[in-house]
Each structure stands twice: as structure tokens, then as C-alpha cells.
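Trainee: fold the stuff below for me.
(2 chains)
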Amino acid sequence: MSSEAPHDFGHKNHMADPSAEGRFGEFGGIYVPETLVPACQELERAFRSAWADTAFRDELKDLLTHYAGRPSPLTECENLSRELGCTILLKREDLNHTGSHKINNVLGQALLARRMGKTRLVAETGAGQHGVATATAAALFGMECVVYMGAVDIARQELNAFRMKLLGSEVRAAESGSKTLKDAVNEAMRHWVAAVETTHYCLGSVMGPHPYPWMVREFHRVIGDEAAEQCASLLGGGTPDVVVACVGGGSNAAGVFSGFADADAALVGVEPAGGAAVGRAVPGIVHGSHSYLMQDEWGQVLEAQSISAGLDYPGIGPEHAHLAATGRARYEPVTDAQVVDAFQLLARTEGIIAALESAHGLAWIVQAREELAGKTVLLNLSGRGDKDVAQMMDVLA
Amino acid sequence: MTGALEAALLQRRETGGKCLVPYLTGGLGELWLETIQAAAVSGADAIEIGIPFSDPVIDGPTIQLANDKALALGVTPQLILDRLRGSDIGVPTVVMTYGNIAYRMGYQRFASSLAQSGISGCILPDVPLEEVGPWTDAADAAGVETVLLAAPTTPDERLVRIANRSRGFVYGVGLLGITGVRDQLADSAKVIAKRLKEVTDRPVLVGVGVGTPTQAVEVCEEADGVAVGSAMVQRMLDGGGPEGVAELIGEFRSALDEHY
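Mentor: Okay, the predicted model is just below:
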């Protein structure tokens, strides 16, 4: 792998690197308090240097292979395909260590934090997947770790909160605002402001100030790169017609989209109807970047409402706003009820219990089955649903 | 051209005194405007007026709570600006809010609304030097002084650029952390003041972690003055009303005047 130009996008370059100012088109930037600006700039320099360093990439690749279990398989779903009338392929991020795609990013960031001489990690988490992944990396690297999780989310994702503690991390409840992911981000940023000299903020999605949206995408592009190769092998050199992923902040979608952005494939991000930042298409500034944001007429951020804690976020990563604005990707909403149906459908037909987040993608495929008839659809199954089983027992009771 | 805010602070400094700028949350309780007016006649050189935002990432629990309470009362930026318009405060005022409040209204409209309401300056703590250009274009055109923050983590060359771009005063962040009263003044408070004084003639005020008259006196060994937020807002939250806040401002004023 060349250290200078590791990926050839072709001439279209729909998911190019951001500008020097950290912008994807008009979106992105670095909207953080002055205290954090030098830390973000230091992080950008460190990431650029590491990402161009073959030794860093080799070490990350080694971890992804021997610790996280990559590459994740591609599963062709015969039963589900028959039922829906299109060919459905699943990229199985649920089979990674810790049960979701989140491990790709945290291993990269933990390696980078160590390279920068940081000894502590702080993170936010919604459903707990990113928190568990960060706690896992902290255990592996012998780092101290604090994870902020909304009090509401701790209640609905008790198991993941306990997992983080088992892994040696401290879980702190975010009690402000809506007590969900948005508030956990606020608390993590406040913590970082006070501890910036020793602590790396291990942000869990393609959001936040530059360089996070870009860096997190780069750490997840392994999903898209693998999937493109696996699809080519399965489809005789072809690509799927449609690539589908759920979107909260948008990390798993950015990862899988990056493998197909310049290919002849439609890209579809699926948002919860109660958290459809792109669907509302109102630009705003929060949590470090300029992007689409659910807000009232005065700019107060609205609380998202979703059955899935991992997508319960009123914003979206700036590159997704850009992909929506340029028309390269489209973003579709699905309701909680559709998600519950899709969650059960996948379990019944394929024997796979998906995370509620990932079930959003399937819910859209079910909804769009007429449009998709006869097509090949790649769904990024971003996580497994063990964490959601207790909640679904109540929902389905 | 020197704006009203900077002029008032320079005047205080030229007479050998130290500047006192309290922060009060707009829309917090029925008497918030009267509280601001009381502050003006109790020794404040200028007053920061907070426009509540749903996600105040640089603020600690006290100002978060004040924000939440004001928002729950239905306060909007427009309501605050409308009430300030035509109210004679008597000292220059500075709005402190977050970028999205200004962005949502539109930078030009927000800047001209501030000017029409008689507000001299504006602080947007999550809009740093890299992003502030579109806002300062609008603010400069409307005659609104944009105060920038400088932090303990800010490198020297950047400190110069911040001081050069700032108007009204330069806001030195006293510690690594969010707003709130601490038991002791952080060592970093005097350090940032000294570093700023070496690179600018503009008034240098330190805030964040300056919560008592004693701490204010201490930091003013280096700084031209202080911005005091959480201590003031706590007094509002405790139901102190205009009199209680005026009393607290009086304590800061007396302590500063005794020593300087």
C-alpha cells in the first residue's frame, strides 16, 4: 500500500478529503471553544503524519485482523432476498469484536492517542456500542477511560453500561438536557476542555470539529474497501445497485459509502423519522461543525426521538450533509414501527439478530421493495442486537 | 475606531482602576432586566448578557441550569433583544451566546438586531478565530464589537492574532475548564493575563474560574479586569433579585477599588 495515495477514487472523487479548513463543500469546520482549537490542530497534524506512515497503518491493520477479527464477511441472504424480491447482501460488521463497526475507529484513535503521548481517553456513547469499543481499546492499551452516556440511555442500555465498567472504564451519566447522546457529547466536550493536556477525545462518529469527521471516516473506510472487493468477487466484478446504511452521526454509512462513492451505485442513508436531520435540511452549528441540525426557529437544538439510542441524535456528520446537498447520496426516514418489523424479519428469515440501528437500513429496503425489485442491495449491518433484546422483550410483550 | 465597550473599559483603566464585567442570564426570571439595570449602578463597567442556548458546551452546571430555566420560561433571543431595545442600561452591554443562535437568525440580522437594541459587543465562544470571519464582517458593519477568547492552551503566535482581531477587550480564559466558581484562583489565570498584556494594548479581562472578590483582586495583579459569571448567576438562581446581585457586584467593586 502506498503511503501517499492509499486510495484511488477515480476522477469523480465524491468523498474527497476535506479542505484545509476542514470543510466538505460548505459543511464542517472547527466550531469549538478556543481551549480546544490547539488540541484539534495538534490532532490533525498527528493524524496526517500517522496516516501517511506505513508502520502506523500496518500496526492498525494487524490489530484489525488479529484482535477485531477483520475482514468481516459478506453474507448473501437467500431467504430474505426471496421474500423481498431483490438480492440482499449484508456486510457483517456485527461479527467484529465488541459487536459493531465502532471498533475500527477506536483502535485507530487509541493508536493515535498513544502516538501523541496521551494517557487517557474520554468518549461519549449513545447505545453504548462506541463506549464499549472505547473501553475495550483503553483496556488493551492500558489507558484510563471515562465514558459519558445519557441517563436515559443508561436505563435502556444497562448491559452496555455494565460492560464498560467490566472493561475498567468509568461510566458517567449525562444528566443535562434530554439525557441522551447529544448531552453525552456536551459532557464529553466539557470534560475534554478541562483535561485536554493528558486526554484524547475519542469521538465516536463522523461529526465534531475538524479533523474528526474526516479521520473517523478514514478509520471506517476499511468497511467500504472490503465490501467493494467482496462484492466484486461475488458479482463477477460488478458492484451492488444500492448501498444502504443507517445514519445517526453517520460513521458506519461514511465507512461503507467510501468504498462505492465513485462507483455506479446509489447510496442511501436511513435516518429515524424522529431524528431526521437531513430530512429537515436546516443547517446549523453544534458540537464542532456546521451541518444539518434539528433545531427550532431560534436555533435551539431539538431532541431527537428514536427507539434506537444509537441514532437518537439531532445532527449528522458534515460530509453527509455535503453528500445530500450534492445529491450523491439520499437520506430516507423510517419509523420505529417499521424498524421493529425489520428487526424481527431478519431474525426470522436469516437467523441474525441485528442492532436496532442497523434494522433501520432493512426497514427502508422493505419499504422500497418495489423500487428495488430485481436489484442487488448491499446493507451495512453495523452491529448485533444482543444489547437490544431486553428492550425488544418489552416492546413486543 | 474605538467602540463604546472598549472606551468604557479604557476609561476605567486610565483612572487606575480595574474593570468589572458581570455576566447575567437574559430572560432568567421576571426581573432579569431590572437586575441588569441594578448591576449598572452598582459598579459594573459593562455587562455581559447571556442569551440562553440549549447546548452550552463551555458552561458549567450553574449557567446550564440558568439556561434551562430561562428556556423553559419560553425565552427567545428576540424577546431578550426586544426588551433591551429602548431600555437605558447606563453602561455598555455585551451579548454572550453560542454560534448557532447568531447563525440561525442570520449573522447580518443578528448583528443589526444587537445594534438596534443598543448592545455594544458580542461573544460567541464556540466560534474561534478560524470561523469568525463571516460573523465579524457582519458585526463590524453593524458597529458591534466582537470579543474573542484566548485560552491557556493558545500558543504565543496565535495569541497575537486573537488580540489583534478582538474588539472591546480580550477575554482571557482563566483555566482549563468550563465556567463555574472554584475554591481557589488557578495559576493559569494570572499567566494568561500576563501573556496577553505583553502582546496587546486592548483591555485584558480574565473570566472562567473568577468567582470571589478575593480572586478578582488576585488576578488583577496582572489583568485589567474580570468577567464574573457563575457567581452572579447563582445569586439570580437563589432568588437574590436585583438587590442581591447589586450587593454582590458592590462587593467585587469595593474589593477592586480598595486594592487598585
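Trainee: which residues does the closest residue in space to residue B:220 that isn't next to it in sequence contact?
Mentor: The shortest distance from residue B:220 to any residue other than its chain neighbours is 4.5 Å, reached at residue B:18 (CB to CB, 6 or more residues apart in numbering or on different chains). Where you see a C-beta, it was placed from the backbone N, CA and C, and this is true even at glycine. Applying CB atoms under 8 Å, 6 or more residues apart in numbering or on different chains to residue B:18 gives the contacts B:12, B:216, B:220, B:223-226, B:256, B:259-260.
Trainee: you'd agree residue A:384 is up against residue A:94?
Mentor: Yes. The criterion here is CB atoms under 8 Å, and residue A:384 meets it with residue A:94 at 3.7 Å.
Trainee: hey, what's in contact with both of these two?
Mentor: Counting by CB under 8 Å, 6+ apart, the shared contacts of residue A:384 and residue A:94 are A:100, A:352, A:354-355.
Trainee: how close does the residue nearest to residue B:220 sit to residue B:102?
Mentor: As judged by CB to CB, to the nearest Å, residue B:18 and residue B:102 stand 30 Å apart.
Trainee: find the closest residue to chain B in the stretch 101-250 of chain A.
Mentor: Closest residue of the stretch 101-250 of chain A to chain B, CB to the nearest CB: residue A:194 (3.9 Å).
Trainee: that residue sits in which helix or strand?
Mentor: helix A:181-195 (DSSP states H and E).
Trainee: ok, now residue B:24?
Mentor: strand B:19-25.
Trainee: packing partners of that strand?
Mentor: The helices and strands touching strand B:19-25, judged by 3 or more CB pairs under 8 Å, 6 or more residues apart in numbering or on different chains; DSSP states H and E, are helix B:4-14, helix B:32-40, strand B:47-50, helix B:61-72, strand B:204-207, strand B:225-228, helix B:230-237, helix B:241-259.
Trainee: just how off-centre is the last one within its chain?
Mentor: Read it as helix B:241-259. Offset of helix B:241-259 from its chain centre (CA atoms, centre = their mean, to the nearest Å): 16 Å.
Trainee: so what's the residue in chain A positioned nearest to chain B up against?
Mentor: Residue of chain A nearest chain B, by CB to the nearest CB: residue A:299 (3.1 Å). Counting by CB under 8 Å, 6+ apart, residue A:299 touches A:284, B:53, B:77, B:100-105.
Trainee: ok now do residue B:66, which residues does it touch?
Mentor: For residue B:66, the contact set (CB under 8 Å, 6+ apart) comprises B:25, B:28, B:50, B:52, B:233, B:236-237.
Trainee: now those as a markdown table including pLDDT?
Mentor: Listed next are the contacts of residue B:66 as a markdown table, based on pLDDT from 0 to 100:
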| residue | pLDDT |
| --- | --- |
| B:25 | 98 |
| B:28 | 97 |
| B:50 | 98 |
| B:52 | 98 |
| B:233 | 98 |
| B:236 | 98 |
| B:237 | 98 |
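Trainee: so who does the residue nearest the centre of chain B touch?
Mentor: Taking CA atoms, centre = their mean, the centroid of chain B lies closest to residue B:48, which sits 4.0 Å from it. Counting by CB under 8 Å, 6+ apart, residue B:48 touches B:21-24, B:93-96, B:123, B:227, B:229.
Trainee: now the residue nearest to it when sequence neighbours are not counted: how far from residue B:40?
Mentor: In this structure, residue B:48 finds its nearest non-sequential neighbour in residue B:23, 4.0 Å apart by CB to CB, 6+ apart. From residue B:23 across to residue B:40, the span is 14 Å (CB to CB).
Trainee: what touches both of those two?
Mentor: Overlap of the contact sets of residue B:23 and residue B:40 (by CB under 8 Å, 6+ apart) consists of residue B:47.
Trainee: gap between the residue nearest to residue B:220 and chain A?
Mentor: Distance of residue B:18 to chain A, given as CB to the nearest CB, to the nearest Å: 23 Å.
Trainee: and residue A:114, what does it touch?
Mentor: The contact partners of residue A:114, taken as CB under 8 Å, 6+ apart, are A:141, A:143.
Trainee: kindly report the same for the one 4 residues further on.
Mentor: Taking CB under 8 Å, 6+ apart, we find residue A:118 in contact with A:143, A:198-200.
Trainee: show me the two of those that sit farthest apart.
Mentor: Across those, no pair lies farther apart than A:143 and A:198, at 10.3 Å, counting by CB to CB.
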